[in-house]
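Enquirer: could you look at this predicted model? Sequence included:
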There are 2 protein chains.
Amino acid sequence: MSMQEGARRAKEASVHLAAMKTEVKNQALANIEKSLIRRMAEIEKANAEDLKRSEEEKLAAPLLKRLRFDEHKIKDVAAGLESLIGLEDPVGKTLASTLLDKDLELFKVSCPIGVIGVIFESRPDALVQISALCLKSGNSVILKGGSEAKETNKILYQIIRDAAAEAGIVDGWIQLAETRDDVGVMLKLDEQVDLIIPRGSNEFVRYIMENSNIPVLGHADGICHCYVDEKVDLDMAVKVVADSKTQYVAVCNATETLLVHEKIAEAFLPKLKEALDKKNVELVGDAKAAEILSIPLATEDDWKTEYLDYKLSIKTVGNLVEAIDHINKYGSGHTDAILTTDKEKVEIFMDLVDSGNVFWNCSTRFSDGFRYGFGAEVGISTNKIHARGPVGLDGLLIYKYKMIGHGNIVDDYESGKRTFIHRKEDKDFSL
Amino acid sequence: MSMQEGARRAKEASVHLAAMKTEVKNQALANIEKSLIRRMAEIEKANAEDLKRSEEEKLAAPLLKRLRFDEHKIKDVAAGLESLIGLEDPVGKTLASTLLDKDLELFKVSCPIGVIGVIFESRPDALVQISALCLKSGNSVILKGGSEAKETNKILYQIIRDAAAEAGIVDGWIQLAETRDDVGVMLKLDEQVDLIIPRGSNEFVRYIMENSNIPVLGHADGICHCYVDEKVDLDMAVKVVADSKTQYVAVCNATETLLVHEKIAEAFLPKLKEALDKKNVELVGDAKAAEILSIPLATEDDWKTEYLDYKLSIKTVGNLVEAIDHINKYGSGHTDAILTTDKEKVEIFMDLVDSGNVFWNCSTRFSDGFRYGFGAEVGISTNKIHARGPVGLDGLLIYKYKMIGHGNIVDDYESGKRTFIHRKEDKDFSL
């Protein structure tokens, strides 16, 4: 099937999926979970094929690792489905209600967005997770995976499609794009696709963002900062910066640049180095930091680089404003922390740092949908509209206004015959 | 100043504007209001120049009408500012709070989006309104008006800029682009501009949407429908359809196509025609409607056309599903109404019609921010993300997550030393 035809079907299905009962959607998720376990051998066989071919094609080791979809990962994904079933249905919630007039009521009610395009590299677990999130939130999904995972993706797609159909989910809600050209086509389908979620490398995400008019939910870079103020508990700061940098380096919420007030630099930096040396963290710094720690000088590029590795750039600053300016200039609007005992500075930092997540005295690594208690994570967004920061199921929803009248016409209000009441109510939508 | 430089300054200012106190913003709005009245003669003089030049350049009469910015319109705009001052500050509201652990708290707090690009044709009042909305919501704004209004826009820009500066609003928050090329440049400035709001004709809005990766808030077409079901109070239906079509024809929420159940068509259509004939509404219909009413046949194009005029296309349908399919195929996702006494059908209609506004037994003309009670209207959006339907000040806001810790590190939670509580709280953010 062509991408255009698939998208058309997905859009058609989305209308009906929006009205699917919670029980049907949860039954479908339960079916998918069972089916993944029951057909594990098939999945592993398909995955083995992908692994074999990719090894022959000399795919890089980290990508091979991501591509592997074994019993352990399948069970993980199944457990994720189990917890998704337990979450409240986000569709059909009354977000606001207003009595416009004694016989005219307005309700703002949550509903699915429509058709979500998902483009991901290697990891087959992403396919299952995002399809399940779309299903729970009543959205159709068009999947485009990496060609290295094509056999695994195909069997997973079939399993999900069939298991959902068995529960009574409308046909066509899930589509699998198979050719490389399909990505380019999908990026142009703004009539059918309402939102694109890319999962992959920075370059990959940036490419998607730059080549589509369709809104993209996600982030390219994660250049996170810790700023250590002059007034600070040094031991606490060492602990938090070390965790922010080293707890897991290959992720977007790991800190890449440390900013430190020059008055505390000499006391703080050697202590920090001691902690980071244990994890073999490579350090580069501005002139002052380089002098204090005898480390190489950082280049302009260092401030713009997401290392995703055991490496940290360090800059000394004369005051809070300098730190904030650096973050707003070089950061990616993801997550930035201030470590201080001075509440006034915290307030300024949180107001002026233009990032989705601004933290006081805790690790940047907390920036995550599960840690935030969302139950499910769609992704982390550095967008300035719709959804920002870690995004839960809510990010896959929008709303519609439902109005209930009794023959009301605008002319009566324009002519002054009737007047609006506009009274906010706390009432769920019902007919 | 180049558009790039202006956008850079607007972005820089936006960071500080985000932290502006409510009193300062309201004082600025009050200053603008006063200044508009005080400098009315200057405004009228500039506007007269624009009108004279545009008349010489043979600008179409409706555009000349929109361009005129006289005492009456200036006072209207000033009154709008007055009511905007009265609205609650939408910035800094705690939208959610969660206790992650006994010493770790997460707050979701509303904040401005950043930089709003506004591109509008002729109407100078749009410049004042949208600048004021941006100011109240803490956003920087880059304005690009039509060249026909350039003198009026320039003086209005100066008045707003100076009046806001007097109140202590940070410099650079408002920028006026002056050349035609600036539009093209702005559409590419996705590093600086976070959201574009176009105000103008359908073609104009569509052009903007198709030529930028920056999110656009607005709507191109407003192809609204009324569906008259077989079970219906005929007099009520006539009244509502007539209001939907004729109360004001040149607006996006006016009905363009009537769908009517074939079982009621013969009883309903002649009654409706009687009412519409009083306003000289031109009618076209499908074969059945054309036969009943002796009116010309509608073409395929009629179903896709936003007349914005005293013209209505009429289609008979065999059942509710046919009506819904027609709306989802030809509509623009704006506003659609069902007229019926059958609640079950209303439920299906509201669930399956994929529009921002779905109404029962009332006029499509109610689809409007002021009628909804928003106090201010940013525009009407047919987007599927961020903001849909009539958009109030909320549409100019996003949120950031603020976390307050006490030296918390992720490693403690990953290692099992500590566990998350994740307790939802009803608490406003404070340090």
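Expert: Done, it's in. Numbering: from 1, shown residues only, chains lettered A, B, ... in the order given.

Enquirer: quick check, A:Ala132 in a helix?
Expert: Yes: the assignment for A:Ala132 by DSSP: H, G, I helix; E, B strand; the rest coil puts it in a helix.

Enquirer: would you confirm that it contacts A:Ser83?
Expert: No: counting by CB atoms under 8 Å, A:Ala132 sits too far from A:Ser83 to count as a contact (10.3 Å). From N, CA and C alone the C-beta is placed, and that goes for glycine too.

Enquirer: so where does A:Lys424 fall, helix or strand?
Expert: Assigned by DSSP states H and E, A:Lys424 belongs to strand A:423-425.

Enquirer: in space, not sequence, find me the middle residue of chain A.
Expert: Nearest residue to the geometric centre of chain A (CA atoms, centre = their mean): A:Gly379, 1.3 Å.

Enquirer: if I pick it, what's in contact with it?
Expert: Counting by CB atoms under 8 Å, 6 or more residues apart in numbering or on different chains, A:Gly379 makes contact with A:197, A:199, A:217-219, A:391, A:395.

Enquirer: now it. Its backbone dihedrals?
Expert: Torsion angles at A:Gly379 (phi, psi; degrees, to the nearest 10) stand at phi 160, psi -180.

Enquirer: quick check, pLDDT for it.
Expert: Per-residue pLDDT puts A:Gly379 at 92.

Enquirer: now render the contacts of A:Gly379 as a markdown table, adding pLDDT.
Expert: Listed next are these as a markdown table, based on pLDDT from 0 to 100:
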| residue | pLDDT |
| --- | --- |
| A:Ile197 | 95 |
| A:Arg199 | 86 |
| A:Leu217 | 93 |
| A:Gly218 | 89 |
| A:His219 | 88 |
| A:Val391 | 96 |
| A:Gly395 | 96 |
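
Enquirer: pull the most distant pair out of the residues you listed.
Expert: A:Arg199 and A:Gly395 (13.8 Å; CB to CB).

Enquirer: sorry, back to before: neighbour count and distance to A:Lys45 added to the contacts of A:Gly379, as a markdown table?
Expert: Formatted as a markdown table, those follow (neighbours: other CB atoms under 10 Å in any protein chain shown; distance: CB to CB, whole Å):
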| residue | neighbour count | distance to A:Lys45 |
| --- | --- | --- |
| A:Ile197 | 26 | 28 |
| A:Arg199 | 19 | 24 |
| A:Leu217 | 23 | 33 |
| A:Gly218 | 23 | 32 |
| A:His219 | 24 | 35 |
| A:Val391 | 25 | 34 |
| A:Gly395 | 29 | 35 |
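
Enquirer: what residues are bridge-paired with whatever residue of the stretch 251-400 of chain A ends up closest to chain B?
Expert: Going by CB to the nearest CB, chain B is nearest to A:Cys362 of the stretch 251-400 of chain A, at 2.7 Å. With DSSP bridges as the criterion, A:Cys362 is bridged to B:Asn408.

Enquirer: tell me the residues of the stretch 201-350 of chain A that contact chain B?
Expert: A:209-210, A:212-213, A:215, A:233, A:236, A:239-240, A:242-243, A:247-248, A:324, A:328, A:343, A:346-348, A:350 (CB under 8 Å from any CB of the partner chain).

Enquirer: can you do 10 Å?
Expert: Within the stretch 201-350 of chain A, the positions adjacent to chain B are A:209-217, A:233, A:235-244, A:246-248, A:253-254, A:324-325, A:328-329, A:333, A:335, A:337, A:339, A:343-344, A:346-350 by CB under 10 Å from any CB of the partner chain.

Enquirer: again with the stretch 1-150 of chain A
Expert: Counting by CB under 10 Å from any CB, the residues of the stretch 1-150 of chain A near chain B are A:11-12, A:14-16, A:18-20, A:91-92, A:96, A:98-101, A:103-109, A:111-115.

Enquirer: restrict these to the buried ones and give me that as a PyMOL selection.
Expert: Buried residues among these (16 or more other CB atoms under 10 Å in any protein chain shown), as a PyMOL selection:
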select buried, chain A and resi 11+12+14+15+16+18+19+20+91+92+96+98+99+100+101+104+105+106+107+108+109+111+112+113+114+115
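
Enquirer: now, the residues of the stretch 1-150 of chain A next to chain B that are in strands?
Expert: Among the residues of the stretch 1-150 of chain A next to chain B, the residues falling in strands (DSSP state E) are A:96, A:98-101, A:104-109, A:111-112, A:115.

Enquirer: and the furthest pair within the residues you listed?
Expert: Farthest-apart pair in those is A:Asp101 and A:Val115; separation 36.2 Å (CB to CB).

Enquirer: report the contact partners of A:Lys384.
Expert: Neighbouring residues of A:Lys384 by CB atoms under 10 Å, 6 or more residues apart in numbering or on different chains: A:333, A:354, A:356, B:111-115, B:193-195, B:214-215, B:386, B:398.
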